[in-house]
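1. This is the structure alone, sequence omitted:
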């Protein structure tokens, strides 16, 4: 490891360990979260066949993902000043989580161009607000959506968005499906406002959600994926920011097991849906990333090349957390904005 890489690693780890409110939660199959989605339900957690049942559920849901990510149209969009709210098409047991919040940043003379913006895991209510305003300066309107269990949608007993990504397998599937469908509902609202040139921009967890939403919605013309991994489970299993989740799994599952169980919320499962699409993609990865390890990001780049999917690649000379620090946040933001203005 050279001096720059060593310095970057130390900085990255310092930022990653600032939070002291991470909680190791017990492993749960979470099969009850998979009921009512339109696929054969799994038995209760007490049933010893929960692993095989979730594996079958994931395989079936991937094969019929159009149905898995389908939803009833939203009937209660409400825009008050710059705040859009609506009832999520996916119901959870937490009322606060069932109201979607999105901040609206209309640009002057946007020429019908808009992006739905999805920030990173555990982002606060101000996450990516600066990016949305930067997009405005490039003539692109932005609708910054709060994902499930984040910020305004966080249940009162939480201090982090633990219910979106955790060692509860079924709840993580349910939460990610909810965020994907909520993002598609945001596209519906933009369409109602007359926007026809639309795209999705997501960072980290938001990148995964954005990719799956884009793969299932042909209205999306631009996909900007800021930090990428083929499988939802790999950054959770190996990243420094999710060690507490890895601890929660214990020896109950392996990394390969988790790839299968969470294949239904993994971009790799839906790459073929991009074939033949009129959609431009920007893949951003960080050379010194200790959360989305470079080996997993490079697997995404390889698959895009092999499948000859239209895309551009940008490599950040930093890590995951340091992407949000100057000058890397400016480099990252300008790269995304320039790509959007060229391709949207």
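-> Nice, I can see it. Remember, predicted model here, so these are calculated numbers, not experimental data. Numbering: from 1, shown residues only.
2. How much space separates the closest residue to residue 248 other than its chain neighbours from residue 258?
-> Among residues not flanking residue 248 along the chain, residue 167 sits closest, at 3.3 Å (C-beta to C-beta, 6 or more residues apart in numbering). C-beta: built from backbone N, CA, C; applies to glycine. Residue 167 sits 10 Å away from residue 258, going by C-beta to C-beta, to the nearest Å.
3. For these two, indicate the residue with more neighbours.
-> Neighbours per residue, other C-beta atoms under 10 Å: of residue 167 and residue 258, the larger number sits with residue 167, 25 against 22.
4. Tell me who's in contact with the more buried one.
-> Contacts of residue 167 were listed using C-beta atoms under 8 Å, 6 or more residues apart in numbering, and they are 25, 26, 27, 28, 245, 248, 249.
5. for residue 224, same thing?
-> Residues in contact with residue 224 (C-beta under 8 Å, 6+ apart) are 115, 199, 200, 201, 202, 210, 281, 282, 284, 336, 339, 340.
6. Could you name the helices and strands sitting against the helix or strand containing residue 301?
-> Using DSSP states H and E, residue 301 sits within helix 294-306. Helix 294-306 sits against helix 233-238, strand 280-286, with contacts defined as 3 or more C-beta pairs under 8 Å, 6 or more residues apart in numbering; DSSP states H and E.
7. hang on, the earlier thing: of all the contacts of residue 224, which comes closest to residue 293?
-> Nearest to residue 293 out of these is residue 284 (C-beta to C-beta; 14.9 Å).
8. before we move on, the earlier item: any residues in contact with both of residue 167 and residue 258?
-> Common neighbours of residue 167 and residue 258 (C-beta under 8 Å, 6+ apart) are residue 249.
9. hang on, the earlier thing: so for the helix holding residue 301, what gets flagged as buried?
-> Buried positions in helix 294-306, judged by neighbour count with 16 or more other C-beta atoms under 10 Å: 296, 297, 299, 300, 304.
10. Also stretch 88-99?
-> 88, 89, 90, 92, 94, 97, 98.
11. Next: stretch 187-201.
-> 187, 188, 189, 190, 195, 197, 198, 199, 200, 201.
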